[in-house]
Structures are given as structure tokens and as C-alpha cells.
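# sequence plus predicted model, see below.
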Amino acid sequence: MTLKIRPSSLTSYSDCSRRTIARAMPLLVEDAGFILNKVGSSIGASVGTGTHSAVAHMLMEKMRTGDTGSVSAYEDAGIASLHEEAAKGAVYDPTSPDLSTAEKQVRRQAAAYRSVVAPKIIPVMVEERLEATFGPFTISGQVDVATDGVRDLKTGVHHTIHMPQLGAYSLLLKAHGQQADFIIEDYVPRTAMKKEQGEPVSTPYDAPLAENVAKATIGRMARDVLEFQATGNPLVFQANPGSMLCSAKFCPCWNSTFCKEHLK
């Protein structure tokens, strides 16, 4: 079995290793005889995907022409991507209670990025998938935008830290001979429509530290996966019943044969 993981798995691994493995490597778990549940994707993730597509469109245009292009073009790209993701079974929430609201949020999040962040960027690579081997894993990641460093777009109701993920992007760029002198996370909040769109927040990361955290997390995942392959024991992967995502709504392990630790 090819052990392929995405950089985003590195961040979630510290929150709940068992949930992360179930989502990132379901075949590994199921081949060991465990049955996982099907879970939908949150509307927040769909809005994020739509915003990423809109931003990628404008930055590709800027890379080609020096300008971010027409509003309608990047909005159309974002809305099409939102619809594609939501059609898979999005779970709505109070901030994005329906698809119409989600569409409006994609439009204004993309507009906020275009106004505040895009003018600072001279892209040399946009949404390009890179792969490299680290230990037993193939790390496969799609860098949002590279200049002479890494810039990664995040959206969501809450701003959280993604150091292992962004460190992995930096490692991937270097593995492919690209310059990676810095790491910046550009966060655009997903705001309820009754409020004004929040301003983007750009957060620089300590690049050498982020790369080392990514390497350490990859090493920990590798040890756990190899032990699980040898023993089939789900306790190899640490569960976190205190996680905000420990529920049937978000976790394929919840009340499955792979995890019962959340039960009273």
C-alpha cells in the first residue's frame, strides 16, 4: 500500500491521531478489519474551497498578466467550486445556514483577499501539486502560492495555527529546488452575513521551526503507522475525546469499531 498523506494531516494529527488516520488513510484502517463511518464535509470547508478557487484564479491571472483580472471571472470560478463541494453533502452551520449565504461569503472573502493580500504578492507558482518522499510516506501537497517563500490561504470562523502543514509546504518547495525563505499564513475569516466581512490577517511563521515541526510530526506518524501495520492495535493512534471535532458529525471513527474512547 502506498502511504500518501497531505500536509494538512500533519496539523490535525496533534489534535486527534486516530481521527486523522481514519480520514487520511481509510484503506489502512479498513484493511485491518475495522469499519469506519461515512461523514459529510462541513459547509465551512466548502466555502474555503470556493474561496481558494477564486483566489487561485486571480493569482494565476496576475502571474500571466500582472493583474488579477475581472471580478466576474474569479467569482465564477469560486462559486463553481463551492457548488461542486457542497453537492457532496455539506453540513450547514449558523454562520453559513444555506447555499445562498455560502455563495455570498465566497464572493466577499475573495474580494477581501484581492483588496488586501493580492497586491503584496508576485506569484511564481499557484496551486501546483508537489510530491516528495519523507520516510515511508509520500507527502502530496498543493501550495496555494509561492513567491520566494510560502503563502497559504486559510478561511474559517476561528483562526487556528497550522505550523506543521505550512512547514511541510516549505519542505516540498525545497525538495523541488524552489526558493522558500519565509512562510506566511493569510487568514480570511468566514463571517456571518449580518456582520461586515473581517479583514484578512497575515501571520508570519518561523520557517526553520515550522519545517522541523513538520519533520517531527511526519516521524511520529511514520512510527505509529508502522506499529499499527505490525499489530493492528487502534490504541497505537492516540484519540482525543476532548477535541472539538470529536462527534459523529466530523469523525469517521466516532462510535465505530476503531474508536469507543469518547463513550461514557
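Everything's here; your move.

# residues in contact with the helix or strand that contains S72?
For S72, the host element (DSSP states H and E) is helix 71-86. Outside of helix 71-86, the residues within contact range by CB atoms under 8 Å, 6 or more residues apart in numbering are 41, 43, 45-47, 49-58, 61, 68, 99, 102-103, 106-107, 110-111, 114. C-beta coordinates here come from the backbone N, C-alpha and C atoms, glycine included.

# before we move on, what about stretch 158-165?
7-8, 10-11, 13-14, 152, 154, 185, 187, 189, 201, 205, 209-210, 213-214, 217.

# please name the residues that touch the residue lying closest to N37 once chain neighbours are set aside.
Computed as CB to CB, 6 or more residues apart in numbering, the closest residue to N37 that is not its neighbour in sequence is P252, at 4.8 Å. Contacts of P252 were listed using CB under 8 Å, 6+ apart, and they are R19, A22, R23, P26, L36, N37, K38, V39.

# export those residues as CSV, with columns for distance to D224 and neighbour count.
Shown next, in CSV, are those (distance: CB to CB, whole Å; neighbours: other CB atoms under 10 Å):
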residue, distance to D224, neighbour count
R19, 13, 25
A22, 13, 26
R23, 15, 20
P26, 16, 14
L36, 17, 18
N37, 21, 14
K38, 24, 6
V39, 22, 20
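
# could you single out the nearest of the residues you listed to A168?
Using CB to CB, R23 is the member of these that lies nearest A168, at 16.5 Å.

# can you confirm the closest one is in a helix?
Yes: when classified by DSSP: H, G, I helix; E, B strand; the rest coil, R23 is found to be part of a helix.

# what sits against it?
Neighbour list for R23: S9, S12, P252 [criterion: CB under 8 Å, 6+ apart].

# do you know how far the second one is from L59?
Separation of S12 from L59 (CB to CB, to the nearest Å): 26 Å.

# these two: who's more crowded?
L59 (27 against 20; other CB atoms under 10 Å).

# buried residues in the one helix or strand that one maps to?
Taking DSSP H and E as the definition, L59 sits inside helix 43-65. Using 16 or more other CB atoms under 10 Å as the test for burial, helix 43-65 gives 43-62.

# V29 and C259 touch, don't they?
No: V29 is not in contact with C259 according to CB atoms under 8 Å; the separation is 10.0 Å.

# show me the common contact partners of those two, please.
Contacts common to V29 and C259, judged by CB under 8 Å, 6+ apart, are A22, P234.

# helix 71-86 and the helix holding L59, what's the angle between them?
140 degrees (axes from the mean of the first three to the mean of the last three CA atoms, to 10 degrees).

# sorry, back to before: what is the nearest of the contacts of R23 to G89?
P252 (13.4 Å).

# SS state for that closest one?
P252 is classified as coil under three-state DSSP.

# any idea how far K88 is from it?
15 Å.

# picking that back up, now the contacts of stretch 158-165: which count as buried?
Buried members of those, counted by 16+ other CB under 10 Å: 7-8, 10-11, 13, 152, 154, 185, 187, 189, 205, 210, 213-214, 217.

# tell me the one among those nearest to I139.
Distances from I139 to the buried ones among the contacts of stretch 158-165, taken by CB to CB, are shortest for P7, at 6.4 Å.

# now the element after the strand or helix carrying R114, going C-ward?
Using DSSP H and E, R114 sits in helix 99-116. Going down the chain from helix 99-116, the next helix or strand is strand 125-134, by DSSP H and E.

# quick one: low-confidence parts of the stretch 151-264 of the chain?
264 (pLDDT under 70).

# all the strands of it, residue numbers only.
Remark: strands assigned in the stretch 151-264 of the chain by DSSP state E, counting those that start in this stretch are 183-189, 201-205.

# so what strands line up beside the first one?
Listed by DSSP bridges, the sheet partners of strand 183-189 and their directions read strand 150-156 (parallel), strand 201-205 (antiparallel).
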